[in-house]
Structure formats: structure tokens, C-alpha cells
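Asks: Quick one: sequence and predicted model below, then my questions.
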Amino acid sequence: MSEIDVRLAELGLTLPEPSAPVAAYVPVVVAGGIAYVSGQIPFVDGELFKGRLGDNVSLEEGVTAAQACGVMILAQLKAALGSLDKVERIVKLGVFVNSTAAFTDQPKVANGASELMVAVFGEAGKHARSAVSAPALPLGVAVEVDAIVALRAD
Amino acid sequence: MSEIDVRLAELGLTLPEPSAPVAAYVPVVVAGGIAYVSGQIPFVDGELFKGRLGDNVSLEEGVTAAQACGVMILAQLKAALGSLDKVERIVKLGVFVNSTAAFTDQPKVANGASELMVAVFGEAGKHARSAVSAPALPLGVAVEVDAIVALRAD
Amino acid sequence: MSEIDVRLAELGLTLPEPSAPVAAYVPVVVAGGIAYVSGQIPFVDGELFKGRLGDNVSLEEGVTAAQACGVMILAQLKAALGSLDKVERIVKLGVFVNSTAAFTDQPKVANGASELMVAVFGEAGKHARSAVSAPALPLGVAVEVDAIVALRAD
């Protein structure tokens, strides 16, 4: 097992089968030593997690959904790179929260994905981030997260 | 004619005059071998395509609008680079759909831009993507798309 | 004083203490000669500037809020890099405007940040940009802006 696989096991995390893109694009493109990961949507217990923060999704559920997006980012990276040990740095996460206009806890929701990255990669998991709301997301999901990831040179 | 110009002609696509930025920025910046293309808005039959998915814009019209954003991305790249043959890879598209809160077909709309890139560039057109809704877009347009594009080294 | 510090002084701009991230991430990550700056929120007269364009925030106030986000981007870059003279080019700004569905002046709001970059860096401040609305932003702020910045090689 690779170093990061060991860390995932210690955290009790099992990477899911990476989901196929919903449409005409690919999950990961590598250019100039950077992996660009398509926006990932949350699968919780094998089901798409749908709904809206501030309405029918609680803050705690939103955090879980963001973490599930992060887990799918890891699954996509592992499928594209062969091993997560090739990750040098999680550079940036873009977090979109399906919410009402009254919702203001986007940062707490996004932490579900952010804290996952730090738990898995340590210092290399500390990233820049944007977190904003969207009035609607693909298939009605509660959260979508994309990523920019720097890869080791070798 | 360049290779990509031939492909555009085969597809029956004519690039429009690249639109001037709506404000104080530039259409394309190149850094580190990557071209960053500003968010492009859709011109259909020479007119801005305005409206909202789930309200007064149909799914089919949304797809057309997303394709028009993609065509404008190509026009901006050609103006900035001199030739689209300098494109090594379409790396990432960011798609923002002006929609109601009930709309969930962002991926289908975004395919208007994504399928264009694959039609024009083949394998090099396969990109990572995020597609989300926005409650409003500049000048009331239906779709906005930005792009990250890797360039050939020579 | 560095060249850019002189320019800031000429413009009458004082960089604030860079704000701590609202959550589990870092303000700036550098990878491959590019600095990725987390989404910054606006502090005006030391207070978070909250509200929604098209509702309780005027266009003029929105411009001021976007400029304040830009000032915080500069403060974060200076803290991370040591000096703003290391900036080679402002490559891309991502502007999210907290607005009603009827609002269509996202570009004018975003100019608050864009014109700041050109005032401070001149030609090197001319950037690509996306500007869209969000139905809600962290802590209820009116604008959020993130940035991609190319750094000098030395």
C-alpha cells in the first residue's frame, strides 16, 4: 500500500468507484504539472445527496456532502494518476453550495472537503479555497467541489 | 488555412469578431504556457442571448447559448494567439448557467460548449469542467463560460 | 519601499492586516510559479461589508466592496510573498456578486477590483476575469473575489 493509502485506511476511508462524468467531459486533465479535477458531486451511502442548505439540508448534512465530494475528488485523482502518492499539494478547492439566499455558512460546509484534504495529506493538503452559494446544482445535489492539484515532478 | 481552421470549416463554424470585454479586463492572459480566457457570454445571430433556464429559456436554447459561449472562447483564443493550432489541450471549462432554483440540467446545458471543444479539437478538446447555476449573469445573459487552455511549447 | 509600495502610497492605499481564513484553508498557495489566492471578502472601515446588490446594496457600494476584496488580495499576497514586487502578472480574477435575480451589473461591480489591479500594477495588472452572481456568500458579504497571480522567476 502507498503512504496515502495507509493514511486513508487509518482514517477509515474507502475510496468509491470514481463516478463517470454526467456529460461530455473528463474527470481529470493534467497540464504543466497540475491536475485539474472536474466538479464532483456527493454520493453518500451510494446515493446522490440532494437538497438545499437553509431549506431541507442541515449544516451537518452539508458538511457530510462536502466531504463526500472531497472523497470523490480523491477517487478521481487515484484513477487518473495511479496513486495518490503523486500528489504534491492540494492547491485550490472551489466549493459551490446549493443554498437559499439567507444561508451564510458556506465556509463551514466547505470545511467538510477542506478538513478531509488536511487529514489525508497533512501540510500538503492545506489549500486555497473559494466557497460560494449557487441557486441550483447539477441533478439537484447539495454541494459541488472542483480542485486544482500540483503533482510531483518525477 | 491551419488544421483547426479546416476543422472549423468542415463543422460549418465561422468565428465571430471577438467581443470586447464588458469592462476593465482583458479577454486572454497567458502565463506559464496556459491561456486563461475570461468568462464569455453568448451571441446568437449577432445578439446577446438573455434569459433564465427553468423560466423563459428552454433546455435546447440553453445548449445553443453554451455553444455560442464556446465559439466566442475560440474567437478570443484565435485573436490572442494568432492561430488555434497553438492549442495543445482544452484543460478546463467553467460553466455558469442563469437558472431558477428548480433547474437541475446544468450538465446538459454545459454540453453545448463541451461538445464543441471535442468536435473542434478531438482528443485535445476533452476537458475537465465545473457546471453550476447562478441567480443572475452579466447583462442578463443565459450562460457564461470561462476556460483554461494549455498551449504548445514552440 | 518597493516599487509597488510606492505606487500604493501614491494611490493613498494602505494594506490592511491580512484577514485570517474563515475556516480550514490557507490564504495563498504557490505552485508552478503561480500564486492561487483564496476568495477574499470585503472589509470596509474595518467592518465586513454585508448585503445584496439589487436589494440593500447600491452599485456604488458594490464597487467599493469589490475594491476592498482586491485590497485584501494584495494584503494576502504581500504577507505570503514578502513583497508585491514579486508579482509578474495578475492573471485572473474570479468575482462573485451577492445579488438578486434581477441584477445584471456584475461587470461594473467587478471593476472595483479590476481597476485597482491596473492602478497598482499597470500593464501587469490587466487580467482575465469571470464575474457572476451568487444567491448568498460567506457571512452575508456583498462580494467575494479570488485570484490567480503569476510570480517572477527569480
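Replies: Received, thanks. Numbers count the residues shown, from 1 in each chain, chains lettered A, B, ... in the order given.

Asks: what about the lowest-mean-pLDDT helix or strand in chain A, distance to the chain center?
Replies: Here the helix or strand of chain A ranked lowest by mean pLDDT, DSSP states H and E is helix A:3-10, holding a mean of 90. Distance of helix A:3-10 from the chain centroid (CA atoms, centre = their mean, to the nearest Å) equals 17 Å.

Asks: for stretch A:85-101, same thing?
Replies: Stretch A:85-101 sits 6 Å away from the centroid of its parent chain (CA atoms, centre = their mean).

Asks: Run the contact check for it versus chain B.
Replies: Yes: for a cut-off given as CB under 8 Å from any CB of the partner chain, stretch A:85-101 has contacts with chain B, namely A:G94, A:F96. Glycine gets a C-beta too; all of them are placed from N, C-alpha and C.

Asks: Can you show me the CA trace of that stretch as PDB?
Replies: What follows is stretch A:85-101, C-alpha atoms only, in PDB (Å, rounded to 0.1, in the frame of the first residue of the first chain):
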ATOM      1  CA  ASP A  85       1.300   9.500  -3.600                       C
ATOM      2  CA  LYS A  86       1.800  11.500  -6.800                       C
ATOM      3  CA  VAL A  87       0.000  14.500  -5.200                       C
ATOM      4  CA  GLU A  88       2.500  17.200  -4.200                       C
ATOM      5  CA  ARG A  89       0.000  19.700  -3.000                       C
ATOM      6  CA  ILE A  90      -3.800  20.300  -2.900                       C
ATOM      7  CA  VAL A  91      -3.600  23.800  -4.400                       C
ATOM      8  CA  LYS A  92      -7.200  25.100  -4.600                       C
ATOM      9  CA  LEU A  93     -10.700  23.900  -3.900                       C
ATOM     10  CA  GLY A  94     -13.700  25.500  -5.500                       C
ATOM     11  CA  VAL A  95     -16.800  24.900  -3.400                       C
ATOM     12  CA  PHE A  96     -20.400  25.600  -4.600                       C
ATOM     13  CA  VAL A  97     -23.100  25.200  -2.000                       C
ATOM     14  CA  ASN A  98     -26.800  24.800  -3.100                       C
ATOM     15  CA  SER A  99     -28.500  27.200  -0.700                       C
ATOM     16  CA  THR A 100     -31.200  29.600  -0.100                       C
ATOM     17  CA  ALA A 101     -30.400  33.400  -0.200                       C
END
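
Asks: May I see the buried residues of that stretch?
Replies: Neighbour-count burial for stretch A:85-101, counted by 16 or more other CB atoms under 10 Å in any protein chain shown, picks out A:86-99, A:101.

Asks: Model confidence for the nearest residue in space to A:L13 that is not next to it in sequence, exactly?
Replies: Leaving aside its chain neighbours, A:L13 sits nearest to A:V71 (6.6 Å; criterion: CB to CB, 6 or more residues apart in numbering or on different chains). We have a pLDDT of 95 for A:V71.

Asks: Tell me which helix or strand A:V118 sits in.
Replies: With elements taken from DSSP states H and E, the one containing A:V118 is helix A:106-121.

Asks: quick one, that helix and helix A:3-10 angle?
Replies: For helix A:106-121 against helix A:3-10, the angle by axes from the mean of the first three to the mean of the last three CA atoms, to 10 degrees is 120 degrees.

Asks: now helix A:106-121, how far from the chain's geometric center?
Replies: Chain-centre distance of helix A:106-121: 8 Å, with CA atoms, centre = their mean.

Asks: buried sites along stretch A:7-17?
Replies: Within stretch A:7-17, the residues that qualify as buried are A:R7, A:L8, A:L13, A:L15, counting by 16+ other CB under 10 Å.

Asks: gap between the residue nearest to A:T100 when sequence neighbours are not counted and C:K50?
Replies: Distance criterion CB to CB, 6+ apart; nearest residue to A:T100, sequence neighbours excluded, is A:G54 at 3.5 Å. Distance check for A:G54 against C:K50: by CB to CB, to the nearest Å, it reads 16 Å.

Asks: Tell me which other helices or strands the longest helix seen in chain A touches.
Replies: Looking across chain A with DSSP state H, the single longest helix is helix A:59-81. In terms of contacts (3 or more CB pairs under 8 Å, 6 or more residues apart in numbering or on different chains; DSSP states H and E), helix A:59-81 is packed against strand A:28-31, strand A:34-40, strand A:43-44, strand A:87-98, helix A:106-121, strand A:143-151.

Asks: if we go to 10 Å?
Replies: helix A:3-10, strand A:28-31, strand A:34-40, strand A:43-44, strand A:87-98, helix A:106-121, strand A:143-151 (3 or more CB pairs under 10 Å, 6 or more residues apart in numbering or on different chains; DSSP states H and E).

Asks: what mean pLDDT would you report for the last one?
Replies: Per-residue pLDDT values over strand A:143-151 give a mean of 98.

Asks: repeat for the third one
Replies: pLDDT averaged over strand A:34-40 equals 98, rounded to a whole number.

Asks: Pairing partners for it, with directions?
Replies: strand A:28-31 (antiparallel), strand A:143-151 (antiparallel) (DSSP bridges).

Asks: winner for burial among those strands?
Replies: Of all the strands paired with strand A:34-40, strand A:143-151 carries the top mean neighbour count, a mean of 27, counting by mean count of other CB atoms under 10 Å in any protein chain shown.

Asks: rewinding a little: kindly identify which of the buried residues of stretch A:85-101 also come near chain C.
Replies: Among the buried residues of stretch A:85-101, the ones lying near chain C by CB under 10 Å from any CB of the partner chain are A:88-99, A:101.
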